[in-house]
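Asks: Predicted coordinates and the sequence they were generated for:
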Amino acid sequence: MYCSCSDTHTAYNVFLRIKNPDLISWNSMIGGFSENGDANKAMCMFIQLMRISYLQPDEYTLAAVISGTCEFPARSYGKTLHARTEKTGLGGNSMHIRSSLISMYFINNDPLSSVKIFGSFPNNDAVLWTDMIAGHVRIGDSENALNFFHEMSKQCVNLDSFALSSALSACADLVTLRQGEMIHCLAVKTGNETEVCVHSSLVDMYAKNGELESATCTFSRLPKHDLMCWNSMLTGYSHHGKADEAFRIFFKMLKHGFKPDPVTILSLLSVCNHCGLVEKGRFFWSYMEENCLRRGPRHYSCMISMLSRSGLWEEAEEMIMESPFVDDYLEYWRTVLSSCIKNGDLGVGIRAADRISRAGVEDSAANVLLSKIYAATGRWGDVLETRRKMKKLTVEKEAGLSWVEVRNNFHVFSSSDGSCMQNGEMRAELDKLLGNLMPVVVEEIVGV
């Protein structure tokens, strides 16, 4: 009871009063620490249990301690605990342990180990299929997440709300509206559409696909919303630069008694950044401090970008220096450098590039941006010098990729890409289209 109420201190005091605690009591305490994010204490309890000769950990013990310590590097605890499950023979028979191991390896960015565990058993239940889908979404491999979802459907495994929610999140990440709509139909067919997690994912999927009307309609159909659902709607407006609508949702959320979390404020800072609303951005930045909300690297990135775009270089620099996220300094200075190109501020741009070079890292992105700022101010000699330097360092800028979905197939391409088998047909069709346009419009398109 105390662990369920997040009061592990009282729960532990009660545990200590038990003269000879049985395995159920040990499991309750280890699970309580794990569920409340106290991995160190969960591991300490597990080690104490191992020293007691008359009790042996069972599948629930191992599943709890693996779940609790999965945020640590796998080499620290995860692999040792995995070996323990194999040694005791519990891993092969327990869905709880397999689920915990799959999640642990995904969190440690080791999907191959997760796939290996999943594939080593013929009969996986809906929980394990969902773990695979959600795990791939977590590491940004949404394409494989959808592959697992489709295979799960083929195997006639029961599609629960968590599997559908994870698949919709994958569609949102890939911006695949057609597949998202098909999964929406599945949610209706299986009676899961009204589940809050599915509803939130539907709002997010439609919003990220630019279907704000469908997102709003989906949002309004649910009688009760949780914080995730409010955040999904707010993020949708933010993603498309709808500042007024985002602010309206925020204040409506407050009116309904919901307390914003860091995700809420990140969406608001993002829309302030894209719309140049500096004062509003400062308000939400202060709101985080006043309400004890932890600022993450992305919150700093939004503020630095907003200040840089508005030409407030000194404030942006101060914010970079006060940020505790040392690993993100280079990215912050790249943001400043990129904004300098847009505003043509050579002095600040060179100072930003100097900050990057002081880090002792030959940064390809910074060199590309520096070349652009020299070109923007007409310093062609410096442009040539920077490009020579880039060539010596064998610096290459990765080509940006675009994709389009045609008849359930995805076609990926880049600028001046001639590798497509239908390249000739596409060019012929483009020539036909250009022939039907007015001469002035054609000149604007082809740059004549």
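Replies: Cool, got the structure.

Asks: and residue 344, what pLDDT?
Replies: The predicted local distance difference test score for residue 344 is 69.

Asks: for residue 268, same thing?
Replies: At residue 268, the model reports a pLDDT of 96.

Asks: likewise the one 4 residues further on?
Replies: Turning to residue 272, the model gives it a pLDDT of 95.

Asks: same question, residue 181
Replies: On the pLDDT scale, residue 181 is placed at 93.

Asks: Which residues lie in contact with it in this structure?
Replies: For residue 181, no contacting residues are found, by CB atoms under 8 Å, 6 or more residues apart in numbering. Heads up, the C-betas are built off the backbone N, CA and C, glycines and all.

Asks: Assign it to helix, strand or coil.
Replies: Per DSSP: H, G, I helix; E, B strand; the rest coil, the local secondary structure of residue 181 is helix.

Asks: can you tell me how far it sits from residue 124?
Replies: With the distance defined as CB to CB, to the nearest Å, residue 181 ends up 27 Å from residue 124.

Asks: What is the burial count for residue 117?
Replies: Neighbour count for residue 117, taken as other CB atoms under 10 Å: 22.

Asks: Which of the residues in the helix or strand where it lies are classified as buried?
Replies: Of the helices and strands defined by DSSP states H and E, residue 117 is found in helix 111-119. Of the residues in helix 111-119, 111, 113, 114, 115, 117, 118 count as buried by neighbour count, 16 or more other CB atoms under 10 Å.

Asks: So which residues make contact with it?
Replies: Applying CB under 8 Å, 6+ apart, the contact partners of helix 111-119 are 74, 98, 101-102, 105-106, 124, 128, 131-132, 135-136, 139, 141, 144.

Asks: Widest-spaced pair of these?
Replies: Spanning the widest gap among those are 74 and 124, at 21.3 Å by CB to CB.

Asks: so how far does stretch 247-266 reach from one end to the other?
Replies: Counting by CA to CA, to the nearest Å, the length from the leading to the trailing residue of stretch 247-266 is 13 Å.

Asks: what about it, distance to the chain center?
Replies: 20 Å (CA atoms, centre = their mean, to the nearest Å).

Asks: Any buried residues in that stretch, and which?
Replies: Of the residues in stretch 247-266, those buried by neighbour count under the rule 16+ other CB under 10 Å are 247, 249, 250, 253, 258, 260, 263, 264, 265, 266.

Asks: now, which of those residues lie within helices?
Replies: When DSSP state H defines the helices, the subset of the buried residues of stretch 247-266 inside them is 247, 249, 250, 253, 263, 264, 265, 266.

Asks: just to revisit the earlier point, which one among the buried residues of helix 111-119 gets closest to residue 299?
Replies: Of all those, residue 299 sits closest to residue 111, with 28.3 Å by CB to CB.

Asks: thinking again about what came up before, and the contacts of helix 111-119, which of them are in helices?
Replies: Among the contacts of helix 111-119, the members that lie in helices (by DSSP H) are 98, 101, 102, 105, 106, 128, 131, 132, 135, 136, 144.

Asks: May I see those arranged in TSV, with distance to residue 321 and neighbour count as well?
Replies: Compiled in TSV, the ones in helices among the contacts of helix 111-119 are given as follows (distance: CB to CB, whole Å; neighbours: other CB atoms under 10 Å):
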residue	distance to residue 321	neighbour count
98	47	25
101	42	28
102	41	25
105	37	24
106	35	23
128	47	20
131	42	27
132	43	28
135	37	24
136	38	24
144	40	17
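
Asks: Can you tell me which of these is nearest residue 82?
Replies: Of all those, residue 82 sits closest to residue 101, with 5.8 Å by CB to CB.

Asks: and the closest one, what pLDDT?
Replies: Here, the pLDDT recorded for residue 101 equals 88.

Asks: about what we covered before: kindly indicate which of the contacts of helix 111-119 lies nearest residue 279.
Replies: Distance to residue 279, by CB to CB, is smallest for residue 139 among these, at 37.5 Å.

Asks: Which strand or helix spans residue 202?
Replies: Secondary-structure element containing residue 202, defined by DSSP H and E: helix 196-208.

Asks: Compute the number of surrounding residues for residue 226.
Replies: Neighbour count of residue 226, defined by other CB under 10 Å: 14.

Asks: That one is in contact with residue 200, isn't it?
Replies: Yes. Using CB atoms under 8 Å as the test, residue 226 is close enough to residue 200 to be in contact (7.2 Å).

Asks: Find residues that contact each of those two.
Replies: If you check residue 226 and residue 200 against CB under 8 Å, 6+ apart, no residue is contacted by both.

Asks: okay, how far is it across stretch 316-333, tip to tip?
Replies: Stretch 316-333 stretches 9 Å from its first residue to its last (CA to CA).

Asks: hmm, who's touching that stretch?
Replies: Applying CB under 8 Å, 6+ apart, the set of residues contacting stretch 316-333 from outside is 296-297, 300-301, 303-304, 307-308, 336, 352-353, 355-356, 359, 361, 363, 366.

Asks: Quick check: ChimeraX command selecting the buried ones in those residues.
Replies: Command for ChimeraX, covering only those of the contacts of stretch 316-333 found buried under the criterion 16+ other CB under 10 Å:
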select :296,300,301,303,304,307,308,336,352,353,355,356,363,366
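
Asks: Out of the contacts of stretch 316-333, which sit inside helices?
Replies: Secondary structure from DSSP H places 297, 300-301, 303-304, 307-308, 336, 352-353, 355-356, 366 of these in helices.

Asks: Just name the closest of those to residue 240, please.
Replies: Of all the ones in helices among the contacts of stretch 316-333, the one with the least separation from residue 240 (CB to CB) is residue 301, at 19.4 Å.

Asks: which stretches of the chain have low pLDDT?
Replies: Across the chain, the ranges flagged by pLDDT under 70 are 2, 53, 74-75, 91-92, 344, 357-365, 377, 392-422, 434, 436-448.

Asks: Which stretches in it count as strands?
Replies: Assignment of strands within the chain using DSSP state E yields the ranges 401-406, 409-414.

Asks: Give me the buried stretch members for stretch 36-55, please.
Replies: For stretch 36-55, burial by neighbour count (16+ other CB under 10 Å) applies to 36, 38, 39, 41, 42, 43, 45, 46, 49.
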